[in-house]
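In: Generate coordinates for the sequence data below:
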Amino acid sequence: MTKLSVNINKIATLRNSRGGNVPNVLSAALACERFGAQGITVHPRPDERHIRYQDVYDLKAEITTEFNIEGNPREEKFVELVLANKPTQVTLVPDDLTQITSNHGWDTITHKQYLIETVKLFKDHGIRVSIFVDPSEDMVEAAAETGTDRIELYTEAYAAEYGFNKEEAIAPYFKAATKAREAGLGLNAGHDLDLNNLQFFNQNIPDLLEVSIGHALIADALYLGLEETIKRYLAALK
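Out: Next up is the predicted model:
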């Protein structure tokens, strides 16, 4: 079964909108675990507009499932944060402060040498590494040459096209996943996956190990409740 890692950034966004500690990010993460999620994902950014650096320390001390920290390793504080907390996995994402959310994967050809050095740094500390990439066979192949353990396919294009032609939407992802398997890479996916499009994606992508879902899942929880929402996402991944 593909693992579900719940991205709790939106819980932190809600908390930060009023100050204080309501809703409590750690309590929400522990509830996600209790309801069946197999992992917790955070994506701290330098301005701490949602996840704060202290949240990462608090989460690391308490959660018992896989812990995935996403972010741009060109930010020195991000690297320090990851090395200090040694999560199960670090996902390298090429975003910057001007982006509301991640909107592209790495050019693993242009930045191959940088990624080789960065992947080695984290792996030397016992941290599994995943590189965020677009569904391109060339980018997957170059990612494999960096020494990374996994890639995470950026799924916004799939989600946008799914309602019009799901077969066309899935095609480049199937090719990228096949290339990942040939290259010996583990495969994750994430971004705009939801209860409408997740099952089809999971059923048609070979060897999918993990999906990271935040925005849609937290939005669904407003209507369904967090426990019921997680149950439905898990059911879509069976």
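
In: okay, CA-based contacts and neighbour counts for the rest of this
Out: Fine.

In: residue ranges with poor pLDDT in the protein?
Out: Within the chain, the stretches with pLDDT under 70 are 96-103.

In: how close does the residue nearest to the spatial centre of the chain get to residue 39?
Out: In the chain, the C-alpha nearest the mean C-alpha coordinate belongs to residue 212, at 4.2 Å (C-alpha atoms, centre = their mean). Distance, residue 212 to residue 39, by C-alpha to C-alpha, to the nearest Å: 8 Å.

In: what sits in contact with each of these two?
Out: 4-6 (C-alpha atoms under 8 Å, 6 or more residues apart in numbering).

In: Sort out which one of those lies nearest residue 107 for me.
Out: Of all those, residue 5 has the smallest distance to residue 107: 24.8 Å, by C-alpha to C-alpha.

In: Excluding covalently adjacent residues, which one is nearest to that closest one?
Out: Excluding the flanking residues, the one nearest residue 5 by C-alpha to C-alpha, 6 or more residues apart in numbering is residue 39, at 4.0 Å.

In: quick one, phi psi at the one you found?
Out: phi -170, psi 160 (degrees, to the nearest 10).

In: what packs against the helix or strand hosting residue 113?
Out: In the assignment (DSSP states H and E), residue 113 maps to helix 112-123. The helices and strands touching helix 112-123, judged by 3 or more C-alpha pairs under 8 Å, 6 or more residues apart in numbering; DSSP states H and E, are strand 128-133.

In: what lines up beside the strand it packs on in the sheet?
Out: strand 89-92 (parallel), strand 150-154 (parallel) (DSSP bridges).

In: between it and helix 112-123, what angle do the directions make?
Out: Strand 128-133 and helix 112-123 meet at an angle of 150 degrees, taking axes from the mean of the first three to the mean of the last three C-alpha atoms, to 10 degrees as the criterion.

In: List the beta-bridge partners for the residue nearest to the centre of the chain.
Out: Under DSSP bridges, the beta-bridge partners of residue 212 are residue 5, residue 190.

In: For it, which residues are in contact?
Out: Residue 212 makes contact with 4-7, 41, 188-191, according to C-alpha under 8 Å, 6+ apart.

In: Check the offset of the longest helix anywhere in the chain from the chain's centre.
Out: What stands out as the longest helix in the chain, according to DSSP state H, is helix 166-183. Centre-to-centre, helix 166-183 and its host chain are 18 Å apart (C-alpha atoms, centre = their mean, to the nearest Å).

In: Show me what that helix is packed up against.
Out: Here helix 166-183 touches helix 137-144, helix 156-162, strand 186-190, helix 198-204, going by 3+ C-alpha pairs under 8 Å, 6+ apart.

In: And the residue nearest to the centre of the chain, how far from residue 94?
Out: Taking C-alpha to C-alpha, one finds residue 212 at 17 Å from residue 94.

In: Repeat that for residue 145.
Out: With the distance defined as C-alpha to C-alpha, residue 145 ends up 18 Å from residue 94.

In: who has more neighbours, these two?
Out: Per other C-alpha atoms under 10 Å, whichever of residue 145 and residue 94 has more neighbours is residue 94, with 19 against 15.

In: host element of that one?
Out: Applying DSSP H and E, one finds residue 94 in no helix or strand.
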